[in-house]
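1. how would this look folded up:
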Amino acid sequence: MRRILLIIAILTLLLSCQKKGMDILEVWPWEDPEEVVEPEEKPEDQQPVEDATLDKWADVSKDYGSLPSHIRVYKSPSHLEGKSAVAFIAVADLSSAGWDIWSVKSDDSYSTPDSYKTPSEVYSSGSWPVVINAGFFYHSDGTNYTSSLAVRNSEVLAYNINYASEDWKTMYYPTRAAFLELSDGSFDACWTYKTWNGHFMYPDPAANDWTKEPASQPSADYPEGAKEFAAVNGIGGGPVLINKGKFTDSYVAELFNGESGIGPDSNQPRTAIGVTSDKKMILFVCEGREMTAGVKGLTTADVANVLLDLKCVEAINLDGGGSSCMLVNGKETIKVSDGTQRSVASTVMIK
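-> Numbering: from 1, shown residues only. Sure thing, here's the model as predicted:
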């Protein structure tokens, strides 16, 4: 009898506990209210912030004197892509602003009788509000050479160099970057190649790689999508950083790595040019090589990411290192890594 009473007592207790548990579930069938975060409602009249990514950059236009209302100059935050940085951008609204190219003029051998100029010398000849260094060049045996495209008012002043070699035994024929303004007013960051009987532009680069056999020499049939070269204005350099709104950084195909390259994966002073979908041209320059303590510079991938963050849809890298320089009303922005401005073969200017 005691055993039966004990069993009845246990069953009663269990049923009571189960009922209480069910009551609790009925009262609280949801998550703890303290863990629920309600979405913050935006005021109905709140408008999207124009150039929202620029909120990380400081407008320093007033530090450089009077500028046209369609040109603004910004200084970077203290870090870009997780690295200590000193960088500047000039942003020009192309609905009002204009851009121009100065370049030496070269022949098919890339040599030129013209003298290189410092950005300050270019500024003095035209008093452009903003001047940056542009394409690649070199000096050999007393002769000046340019190795980057330059187009001004539909005239090709210089071509992207069409060969490369590490040992001067195995020759490669890379397509290289060009930032072009086309006749319809659109912009394109593409790849170009000059043959003896034609000049072409391509939507993708020739598939070169220093670790592989050279790709076929570019032509009207390779790479695919070749078009006869045509541009109103343009500047060459490389690699392409952004194409059709996508991260590109095509330094392998353009053969900018290796001993004869630009150290794309190393931190260096850099210069670049890009454009947004709403026709804002962005000229970028960053300091490096410890000209400011702790500031080593950026990789080309870093620059591509910065310009993507600034909403560029087309962009290319330009000559960097000791060439990197931006003048605003003739005043230097970054500390140039040579200590003084380097004479260069081409510049980009905006007004």
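2. contacts and neighbour counts: CA atoms only from here.
-> Noted.
3. which SSE is Phe284 in?
-> Per DSSP states H and E, Phe284 falls inside strand 280-286.
4. Moving along the chain from that strand, name the first helix or strand you hit.
-> helix 300-309.
5. Show me what that following helix packs onto, helices and strands only.
-> strand 240-243, strand 246-247, strand 270-276, strand 312-317 (3 or more C-alpha pairs under 8 Å, 6 or more residues apart in numbering; DSSP states H and E).
6. out of those, deepest packed?
-> When you average the neighbours per residue for each of these (mean count of other C-alpha atoms under 10 Å), strand 312-317 leads with a mean of 30.
7. Contacts for it next, please.
-> Residues outside strand 312-317 that contact it (C-alpha atoms under 8 Å, 6 or more residues apart in numbering) are 177-179, 187-189, 237-246, 270-277, 282, 300, 304, 307.
8. any weak-confidence spans in this structure?
-> Residue ranges of the chain with pLDDT under 70: 1-52.
9. Let me know the secondary structure of Glu121.
-> Under DSSP: H, G, I helix; E, B strand; the rest coil, the three-state class of Glu121 is helix.
10. What count of nearby residues applies to it?
-> Around Glu121 there are 13 other residues, counting by other C-alpha atoms under 10 Å.
11. What of Asp221?
-> That count, for Asp221 with other C-alpha under 10 Å as the rule, works out to 11.
12. Would you mind measuring from Arg152 to Arg270?
-> Using C-alpha to C-alpha, to the nearest Å, Arg152 is found at 23 Å from Arg270.
13. Would you map the helices across this structure?
-> Secondary structure of the chain by DSSP state H: the helices cover 2-27, 119-126, 300-309.
14. Nearest residue to Tyr173 in space, please, no chain neighbours.
-> Excluding the flanking residues, the one nearest Tyr173 by C-alpha to C-alpha, 6 or more residues apart in numbering is Tyr163, at 4.5 Å.
15. quick one: that neighbour and Met171 touch, right?
-> Yes: counting by C-alpha atoms under 8 Å, Tyr163 sits close enough to Met171 to count as a contact (6.8 Å).
16. hang on, the earlier thing: can you give the strand pairings for the strand holding Phe284, parallel or anti for each?
-> Strand 280-286 has the following strand partners under DSSP bridges: strand 87-93 (antiparallel), strand 270-276 (antiparallel).
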